[in-house]
Every structure is written in C-alpha cells, then in structure tokens.
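In: Quick one: sequence plus predicted model below, questions after.
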Amino acid sequence: MELEQDKKVSGYKKIRYFLIIENIFIVLAFLLFAVGAYYIYTFASFTWFALAYFFLGAGFFLFGLFIAFKMVKAFQREDLPIFLNITDSADVDPETGLLYLDTFSDKAIQQLAISMSDVYLAVFEIEGLEHLRHFVGSQKAADIKAEIGDVFKMYQKRMGERFVTLGCKSGHEFLVMTNEVELKDIQTYHKNLMDEINAILLHLPSSENFCVYCGYASSSQGKIYDDLLTYAGFAAMEASMFSKSEPHYFSQDALKRQETEYLRNDKIKKILDGNELQYNFQPIVSAKTGKIYAYEALMRTNKEIGFSPVDVLEMAERNDRLYEVEHYTFFNVLKIMNENASIFENRKLFINSIPTVIIKEDEFNDLYVQYKDVMKNLVIEITENGMQSEDSCETVHKYMKKSGCELALDDYGTGYSNASTLLNNSPHYIKIDHSIIMGIDTDSRKQQIVSNTISFGNNHGMKILAEGVETPDELQMVIQLGCHLIQGFYTGRPNSVIADSISAEIEDEIMAINLKLAKLALENKSYTPGNFETVSLINLALDFYSQIIIEQPSVNLVGLKSKKEVNMCIKVPDNIETIINLKDVNIRGRNNPTIEIGENSFVTLTLEGNNIFSYEGIKVPVSSRLNIQGKGNLTIRVDHNNGIGIGTGSDEKTPYGDISFEGTGTLRIEANSDQAFAIGGALADENSKIKLDSGNVEIIVNGSKVVGIGSINGFTQIIVNQSHVAISASGADAVGIGSMEGRVEINTSADIELEASGSRATGIGVLQYGKGRIYINSGFVSCNVHSMSGMGIGSLDGDMDIRSSAEQVFVYVEGSEVGGIGTYHGYGMTRIQNGVHKVVLLAANPVSLGGMKGRLEITGGNIYADLANSPDPVNQYDVPVFQKIVTDTEFYNKKIETEEGSYQYMATASKLFENIYVYIPKYCKELDTNVM
C-alpha cells in the first residue's frame with residue numbers, strides 16, 4: 001500500500017520542492033538587502049560593495065518570485081488528478097453520486113500529499129439508512145439517498161472542489177475530506193451538514209429509526225490515510241455509541257481505551273457492508289441408513305476476521321444490524337441451494353432464523369419468486385425460546401403454507417417448551433440439544449428425556465434429530481432409543497464443500513447397529529409388494545419387516561453391495577407364478593427357508609450382482625418349479641441343522657419339485673448339518689427333475705449323510721448340461737451327484753470336479769442298491785473318492801446301466817472295497833464308448849471297470865486301468881476284447897471287423913499317461929476309416 005502511495009504522490013513532491021526553493025531564495029534576498037543596508041548605515045555612504053549586495057538580493061528575490069509564479073501555474077493545471085472531475089460511472093455510486101471508497105481513497109491520498117495545512121476527514125454515519133427501503137420502498141429509498149448525496153455535493157460546491165473530496169464507504173456511511181480550513185470552522189461545517197441531513201430524515205415515516213452521527217479526525221493526528229480513516233471511523237462509532245448530536249472529534253486517549261471494541265465494530269461493519277458472511281454445511285444423516293438426509297447451513301466468517309457465529313450475532317445486535325444477518329442468511333443460502341439444485345433434489349437444507357427479526361414477508365416473497373423450485377426442501381429452524389413468540393411462529397407457518405418449506409424446533413431441552421407449545425406450532429423436526437445428547441450413553445435421565453420426546457414425535461408425526469453426537473457410544477444409544485436423524489462431528493463435520501456422503505465406515509456402523517436391532521425385534525411384520533415394485537430389503541429390515549409375501553407376476557428385490565445382512569423371509573403362496581429379480585441381496589432366513597415356495601407355484605429367480613442367502617436356502621415342494629436365471633451370482637449358506645439348500649432338505653415325507661439353473665453366473669451352496677443336501681432333498685419324485693444347463697455350480701456339503709445334488713431315496717433325475725460343476729461332499733455316507741439308494745437317471749454333458757469322502761461314498765451314482773442309468777455324454781469329469789467302501793461312478797451294488805463317452809474321465813478311489821466305474825458287487829452294464837478314461841484305485845479289492853457280476857463293454861476310448869478284478873471286457877457283439885498299446889500317434893480311428901460284425905473304434909492320446917490303450921478283439925481287422 002505504501003509503495004502505491006509513493007508512486008501516486010511523486011508528482012506532488014516536486015511541487016513541494018519548488019515551494020522550498022522559492023522560500024530559500026526569498027530569505028536569501030532579504031538577508032542580502034539587510035547586509036547592504038547595514039553597510040550604508042555603518043559607513044554613512046553608498047559604496048559599490050553595498051550596491052553589489054542590493055543587486056544580488058534583488059536577483060534572488062526576482063528568481064524566488066519566478067519560482068512562486070511557476071508553482072501557482074502548476075496548481076492551476078487541470079490535468080492534475082486532484083482537480084479532475086470524476087465522470088467515470090464505474091467510480092461513482094449511482095444512488096448518491098459520490099465516489100466509491102477505492103476511488104475516494106486514491107484522491108484522498110493525493111490530497112494529503114500536497115496539502116500544506118491540516119486536512120480533515122469526516123465519517124458521517126446515518127443509522128437506519130441501510131433498512132430504508134423496507135420503510136419507503138426501493139424507488140423512494142433511491143430518491144432519498146440521492147437527496148442526501150446532493151447535500152454533500154452542495155457543501156463541496158460552496159467550499160470549492162479543490163478543497164473537498166466526497167465518497168461513500170457503505171450504504172449508510174459517507175466520507176468528507178476537507179483541507180485549507182481551521183479546526184473551529186470545520187466543526188461548524190460538519191454540524192451544518194448534520195442539520196441538513198436530519199431535516200431530510202425527519203420527513204421519513206418512522207423517522208425515530210433514523211439518525212445521523214459524525215466523527216472526524218485531522219492529518220495532525222494521522223499522516224497516513226489508512227490511520228486517518230481508522231481514527232475518523234472510531235470517532236463516528238463513539239458519536240453513535242453516545243448518541244452525540246454534535247460532530248465528534250477524534251481522541252487518541254479514547255481510542256486506547258476502546259480500541260478492541262472499535263475494531264470488533266469495524267469488523268462487523270466490514271462483514272455486513274460487504275455481505276461477507278460465509279457458510280459451512282454439516283450433514284444430517286438418517287439414523288437408519290447413514291445416508292445424508294439433509295444439511296444445516298452454519299454461518300462462518302473469514303479466518304482473518306475470526307468471528308464466531310455468536311460474535312457476529314452479538315455485534316450485529318449491538319450495532320442494530322441483526323436483521324441484515326437474517327436477510328443475508330436467507331438470500332445467500334438459498335442462492336447456494338439453487339446453484340446446487342441437483343444435490344438438494346432429494347435432500348433438505350436447514351437454515352437458522354432469528355425469531356426476533358424473522359425475515360420480512362416481502363423479502364420472503366422475493367425469495368419465493370427466485371427460488372420456488374428448491375424452497376420445498378428448505379427447513380426453517382427456530383430456537384426453543386423463539387418458539388414462544390406467536391408472531392414468529394405464525395409468520396413461519398405462513399411461509400410454510402406458501403412455499404412448502406418445513407419448520408424445525410432447535411435446541412430442544414434448553415428452554416421451556418411443553419407439549420402444548422409443540423402441538424400449537426407443529427414443527428416437522430425436533431432438534432434435541434447437544435447438552436442432552438452429550439454423555440447420553442451413560443445417563444439414564446437423559447435417555448428418559450429423549451425416549452419420551454421420541455414417543456411424542458412418533459405419535460404426532462414429528463422427526464427427532466439428535467444434535468452433537470460425537471462418540472460411537474452416543475451414536476449407538478440415540479439409534480437404539482429411536483431417533484430419526486443424527487447430526488454431529490462423529491457423523492460429519494461442517495465443511496464449505498457440500499459432501500455427497502459421510503464416511504463409508506460411519507455409514508456401515510449406523511447400518512450395522514440398526515440391523516442388529518432389527519434381528520432382536522419381536523415384531524412379525526409382513527410386506528406385500530406390488531407388481532414390478534422395486535423393494536429395498538435394507539429399508540424393510542430397518543422398518544422391522546421380517547417377511548415379504550410375493551403374489552404379483554414380477555417383483556424386484558434389491559440390497560446393498562456392502563453385503564449388509566438382513567433377517568427376512570420371502571414367501572410365495574400357493575398357485576402363484578412370479579418372477580423375482582434379485583440384485584445384491586444378503587438375506588438370513590428367520591427360522592425358515594430364505595425363500596419358501598408354496599404348492600403348485602412356478603418361480604423364476606433372476607440374479608444380478610452378488611446375492612447371499614443364509615440360515616436356509618429355497619424350499620421347492622414337489623408340485624412347484626424353480627428356475628434360476630441371470631448373470632448374477634447366488635451363494636446359499638445352510639448353517640441350520642438339517643436345513644434346506646435348494647429343494648426340501650431332510651424332510652423324508654416331502655419330495656422336492658423341479659429345479660433348474662440357467663444362469664451364467666455362479667451358484668454356490670455350502671451346507672453343514674446332520675443331513676446336508678445342496679440341491680434336492682431326502683426324497684425324490686418321478687415327476688421332478690434337477691437340471692443344470694449353464695453357469696458355474698459350486699457345492700460344499702458336510703455332515704452325517706450328505707448329498708451334493710440329488711436325494712436319499714426315490715426316483716432321482718439329474719441333467720447336467722453345458723456348465724461347470726465342482727462338488728465337495730464329506731460325511732459318514734456321502735454322494736456327490738445321485739442318491740443314497742433307489743433309482744437314478746443321470747445325464748451329464750458338463751465339466752465336473754468332484755470329491756467325496758466318508759465311510760461309504762460315491763462320486764456320481766448311487767451309494768447302495770442302485771438302479772437306473774448314468775450317461776456321461778461329454779465334458780471333462782474328475783472323481784476323487786476316499787472311503788472304506790465306495791465308487792467313483794456307479795454303485796456299490798444293485799443294477800446300473802452306465803455309459804461313458806466323455807472327452808476325459810479321471811477316477812481316483814482309495815479305500816477297502818472300492819470301484820472305479822461300474823457296480824462293485826452288483827449287476828448291470830458298464831459301457832465305455834469313447835474318450836479318455838483313467839482309473840486309479842488304491843485298495844485291497846479294487847474293481848476298476850464294471851462289477852463283479854456285471855458286464856463290461858468297450859467299443860471305443862483310450863482306457864488306462866487295471867482290469868484284474870473286472871469282468872472280462874467284450875464288444876457289442878459279445879466278442880472278448882484285449883488291451884492293445886498304440887504308440888507314436890495322437891489319434892486312433894479304426895474300423896474293427898470281426899466275423900460277428902464291424903464297428904468303428906476311436907481313441908485319443910492323453911496328457912494323463914503315455915501311449916494309447918485300446919481294447920479290440922484278438923482276431924480282427926483294423927482298417928483305416930477311409931476304407932469304410
């Protein structure tokens with residue numbers, strides 16, 4: 001600032017140098033005249049020496065007069081900035097015609113630099129002028145301000161423009177700088193100006209609200225312009241404070257006594273004159289979900305000013321400018337709200353109103369015209385004590401009716417509100433003061449107060465907001481008590497940037513507290529969604545719903561990707577056909593299957609995202625059908641003893657219905673119980689099928705009796721097509737795919753990885769007394785079985801028809817009495833038609849292929865197995881076949897001709913072992929296929 005001032009006054013310093021030189025030459029001239037006169041008087045004669053002094057003095061005197069003449073001419077130059085008439089509209093206040101502060105300051109600095117006498121700077125403060133338009137309207141207010149401006153300009157005209165500079169500091173503060181005048185006269189001039197302005201103010205309605213004060217200081221008290229402005233301002237503040245009717249001259253002693261107070265007043269003037277209020281936004285979150293429900297706009301000031309909101313209100317009230325805070329708050333905050341309309345589309349904004357100076361109706365109407373679209377999401381806060389004012393509440397209710405905004409009672413618990421006050425004013429929100437919330441987790445009295453308030457609010461449609469939540473224990477307690485909304489540093493601090501969400505950790509914490517409370521709830525509420533309705537399971541759980549009843553053709557159920565678990569059961573009544581779309585749901589059944597399908601119903605379950613069922617899975621009775629589709633995943637964790645995966649579980653009297661999986665994602669089932677079934681149940685029915693057409697299926701079953709896919713007994717029909725199946729079955733009796741006993745029909749064309757372990761175990765087939773068919777048509781199959789008695793593919797006994805032509809089948813079984821592919825003790829046929837088959841058995845009495853009493857037929861395939869205990873292999877014509885090792889080729893494809901008939905034998909090399917092992921008759925012709 002000082003550098004700028006030096007630059008601006010450099011031209012004026014030259015004039016001052018001229019003045020100094022002129023004075024020096026004139027003084028020297030008079031000295032020379034005096035010396036010459038002394039010589040004449042002393043020697044009583046006129047000598048040449050005396051004459052020389054006279055001539056030299058005359059020269060100095062004439063040169064001094066010349067410089068003085070040049071200086072006077074310089075002062076008369078019209079191009080000097082101090083004498084220019086300001087006509088640029090950008091420099092002039094259009095209402096008063098006076099210079100803006102910046103332009104005034106520039107001219108004042110110049111005037112101080114060249115003035116040879118004291119300069120006086122006066123601040124005229126017209127109290128109430130900033131509110132003038134509220135009394136007389138905008139146009140009349142502009143006319144009166146112009147009239148006041150004319151008073152100052154007439155003074156400038158009387159005194160001369162060279163000696164007076166005029167400016168305006170704000171809408172109610174005016175600056176007058178006068179030079180070349182005596183102190184006794186300036187007092188009179190300033191008093192005359194005050195009288196003329198008061199004469200104008202006396203004609204105003206409610207004139208008692210307006211008054212002019214004047215404070216002034218001189219350059220003898222402050223040589224620097226900034227100091228002079230501060231001193232004059234302080235004098236004006238004193239004049240206002242002590243209601244002085246005379247111009248008040250600055251006192252340095254008074255400044256020392258009241259400097260702090262003056263600086264605070266000067267700051268509040270700066271804030272309000274320039275509308276420099278700022279706002280931070282603190283999130284108000286749902287006590288159930290942790291999502292941001294609203295924000296509160298909290299007043300702030302520039303850090304350099306350092307005023308707290310309380311300081312602003314106190315200083316504004318002391319300066320009778322409290323209404324300006326109210327005015328700016330509403331206009332500023334609604335402007336921000338409108339600029340961020342997308343954020344506030346589904347969120348509220350709480351704004352603090354000052355009940356003693358609540359915003360005037362005409363201004364609220366102006367706001368409504370400008371911000372009609374966002375005002376419906378505005379919440380006006382009035383303090384509990386302010387709620388006692390009937391006028392304030394009546395005004396707010398009028399605003400609510402007009403704009404759709406809402407009312408909040410702030411600082412509840414610190415005043416004298418009672419039920420009658422709340423009912424009469426009907427606030428939409430009750431904000432419980434932080435003094436009650438602080439330490440509520442350990443204070444039973446506070447808990448009782450809040451609990452009673454919540455009960456009252458619930459009964460009368462009022463939301464309860466807990467203010468000042470700062471610890472996790474306080475958070476848990478206010479949620480447990482039933483508060484609807486939460487505000488505090490723990491959930492989100494105020495910030496100038498409007499946050500879109502609170503921290504994920506706090507949001508998850510809020511959700512976890514609520515879901516824990518929902519599990520403990522004793523209510524049994526049911527929800528029945530409409531057709532095509534999208535239902536948030538989280539919201540239902542937080543509202544203590546425990547059951548969804550689906551009766552419509554299509555329903556969408558959505559959860560959260562955060563994998564928050566909800567306790568819920570989904571029921572489909574009898575005779576319903578519906579599509580249930582699941583997206584990222586995580587459900588734990590409440591003492592029931594997660595989805596329970598009634599009789600004669602058909603449910604299509606469409607998966608999206610990652611879905612989880614716990615406790616039990618999906619109950620599908622014999623008369624009903626379940627079809628699972630979609631790109632998403634479903635994990636079912638059966639952690640309830642004898643629970644259901646998909647089907648009917650361990651219920652030995654209720655067969656399961658049709659179950660099909662056509663999804664492209666992953667179906668994973670984990671079952672741990674005495675009797676564990678992933679897909680199927682204890683009892684199969686001849687009219688029911690299990691069909692896996694696509695996707696990935698992962699199954700882990702552990703227990704006493706376990707079945708991955710299938711049943712204990714009955715007629716089990718399983719079709720596994722273009723999918724990938726991985727099964728781990730572990731139990732005393734274990735079956736991967738098939739049945740413990742009874743009849744089966746198994747058709748696979750999939751890739752299957754299977755491990756089974758137990759006292760008795762079968763990978764694919766029937767554990768004992770097996771009947772039926774197993775057709776392995778294609779794909780890659782791997783069976784790994786560990787048991788005392790067990791089979792890889794087939795049955796320990798019974799009568800099975802087993803056919804295999806898969807690309808690759810690998811069977812590893814270890815135990816005592818174990819078999820690879822076939823019926824160990826039983827009858828039936830085992831037929832190998834194509835593909836690579838490797839059977840490895842580690843046992844005392846192994847049977848690799850076929851059964852001890854059955855038939856082994858080999859008409860194709862690369863077979864690596866020890867057939868020592870197997871039946872003698874034959875072809876389809878009952879001709880014995882023998883192993884032949886084929887080397888140095890990757891593919892064997894021959895036409896086999898015998899007397900009984902001919903057939904084509906194909907075999908492919910494998911990475912599992914070297915060479916190709918084929919089984920053909922000892923006496924035959926091996927013809928290339930092109931001969932055929």
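Out: Received it, and whenever you're ready, just let me know what you need.

In: Backbone dihedrals for the nearest residue to Thr648 once chain neighbours are set aside, please?
Out: Spatial nearest neighbour of Thr648, excluding adjacent residues (CB to CB, 6 or more residues apart in numbering): Gly681 at 3.7 Å. Glycine gets a C-beta too; all of them are placed from N, C-alpha and C. Per-residue torsions, Gly681: phi 170, psi -170 (degrees, to the nearest 10).

In: Looks like Gly681 contacts Gly647 (just checking).
Out: Yes. In this structure, Gly681 is within contact of Gly647 by CB atoms under 8 Å, at 4.0 Å.

In: list the residues that contact both of these two?
Out: Listed contacts common to Gly681 and Gly647 are Tyr656; contacts here mean CB atoms under 8 Å, 6 or more residues apart in numbering.

In: how far away is the residue nearest to Thr648 from Val809?
Out: Noted for Gly681: a distance of 28 Å to Val809, by CB to CB, to the nearest Å.

In: Specify which residue of these two has the higher count of neighbours.
Out: Gly681 (32 against 27; other CB atoms under 10 Å).

In: measure the residue minimising distance to the centre of the chain to Ile292 for me?
Out: With distances taken as CA atoms, centre = their mean, the chain has Ser501 as the residue nearest its mean C-alpha position (2.1 Å). According to CB to CB, Ser501 and Ile292 sit 6 Å apart.

In: go on, Lys925?
Out: Lys925 is 84 Å from Ile292, where distance means CB to CB.

In: Which one's more surrounded, the two?
Out: Ile292 (22 against 13).

In: Okay, that one and Leu465: tell me how far apart.
Out: From Ile292 to Leu465 the distance is 13 Å (CB to CB).

In: Between those two, which contacts overlap?
Out: Ile284.

In: pLDDT weak spots in this protein?
Out: 1-89, 257-263, 306, 384-390, 415-421, 521-523, 562-563, 930-932 (pLDDT under 70).

In: for it, longest strand please?
Out: The residue-count maximum for a strand in the chain (DSSP state E) belongs to strand 696-720.

In: Tell me the helices and strands packed up against it.
Out: Counting contacts by 3 or more CB pairs under 8 Å, 6 or more residues apart in numbering; DSSP states H and E, strand 696-720 is packed against strand 666-684, strand 690-692, strand 724-739, strand 742-748, strand 751-766.

In: buried stuff in it?
Out: 696-703, 705-720 (16 or more other CB atoms under 10 Å).

In: what's the answer for stretch 558-567, then?
Out: 558-560, 564-567.

In: One more: stretch 308-320?
Out: Buried-residue list, stretch 308-320, by 16+ other CB under 10 Å: 312-313, 315-317, 319.

In: Among the residues you listed, which ones are in helices?
Out: 312-313, 315-317 (DSSP state H).

In: nearest to Arg831, of these?
Out: Nearest to Arg831 out of those is Val312 (CB to CB; 93.5 Å).

In: quick revisit: need the three-state assignment for the residue nearest to the centre of the chain.
Out: Put simply, Ser501 is coil when judged by DSSP: H, G, I helix; E, B strand; the rest coil.

In: can you tell me how far it sits from Gly492?
Out: Distance from Ser501 to Gly492, by CB to CB: 9 Å.

In: list residues touching both of these two?
Out: Common neighbours of Ser501 and Gly492, using CB under 8 Å, 6+ apart, are Ile292.

In: ok so, going back, I'd like to check the angle between the longest strand of the chain and strand 666-684, please.
Out: 40 degrees (axes from the mean of the first three to the mean of the last three CA atoms, to 10 degrees).

In: elements contacting the strand or helix carrying Asn556?
Out: Element membership of Asn556, judged by DSSP states H and E, is strand 554-558. Using 3+ CB pairs under 8 Å, 6+ apart as the contact test, the elements touching strand 554-558 are strand 534-536, strand 577-583.

In: Can I get those strands in TSV including distance to Lys911 and mean neighbour count?
Out: Formatted as TSV, the helices and strands packed on strand 554-558 follow (distance: least, CB to CB, whole Å; neighbours: other CB atoms under 10 Å):
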stretch	distance to Lys911	mean neighbour count
strand 534-536	51	16
strand 577-583	41	20
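
In: nearest to Asp685, of the ones you listed?
Out: Closest of the helices and strands packed on strand 554-558 to Asp685 is strand 577-583, at 20.3 Å (criterion: CB to CB).

In: of all the buried residues of stretch 308-320, which comes closest to Gly482?
Out: For the buried residues of stretch 308-320, the nearest to Gly482 is Leu313 (33.3 Å; CB to CB).

In: ok, the closest one - contacts?
Out: Leu313 neighbours (CB under 8 Å, 6+ apart): 322, 325, 354.

In: from those residues, which is closest to Ile109?
Out: Val325 (33.4 Å).

In: neighbours around that closest one, how many?
Out: 23.

In: ok so it is a strand residue?
Out: No. Counting by three-state DSSP, Val325 is not part of a strand but helix.

In: ok, for it, nearest residue in space, not its chain neighbours?
Out: Ala316 (5.0 Å).

In: Please apply the same query to Leu542.
Out: Lys288 is the one closest to Leu542 (CB to CB, 6+ apart), at 4.1 Å.

In: helix, strand or coil for that neighbour?
Out: Per three-state DSSP, Lys288 ends up coil.

In: and the gap between it and Met568?
Out: With CB to CB as the criterion, Lys288 and Met568 are 15 Å apart.

In: do Gly222 as well
Out: 78 Å.

In: Is Thr414 in contact with Ile432, as I believe?
Out: No. Here Thr414 does not reach Ile432: they are 9.8 Å apart, not a contact under CB under 8 Å.

In: What strand or helix carries Ala236?
Out: Assigned by DSSP H and E, Ala236 falls in helix 225-241.

In: Distance from the chain centre to the helix or strand just after that helix, please.
Out: Of the helices and strands lying after helix 225-241 in sequence (DSSP H and E), the nearest is strand 248-249. Remark: strand 248-249 is offset 57 Å from the chain centroid, using CA atoms, centre = their mean, to the nearest Å.

In: Which one, of the helices and strands packed on strand 554-558, ends up nearest to His131?
Out: Nearest of the helices and strands packed on strand 554-558 (CB to CB): strand 534-536, 50.5 Å.

In: by contact count, what packs against the closest one?
Out: strand 554-558.

In: Which parts of this structure belong to which domain?
Out: The chain breaks down by automatic domain parsing into domains covering 2-75, 82-273, 278-513.

In: could you dump those domains to JSON lines with distance to Lys519?
Out: Shown next, in JSON lines, are the domains of the chain (distance: least, CB to CB, whole Å):
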{"stretch": "domain 2-75", "distance to Lys519": "71"}
{"stretch": "domain 82-273", "distance to Lys519": "52"}
{"stretch": "domain 278-513", "distance to Lys519": "11"}
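
In: and Ile885, which of those is closest to it?
Out: domain 278-513 (64.1 Å).
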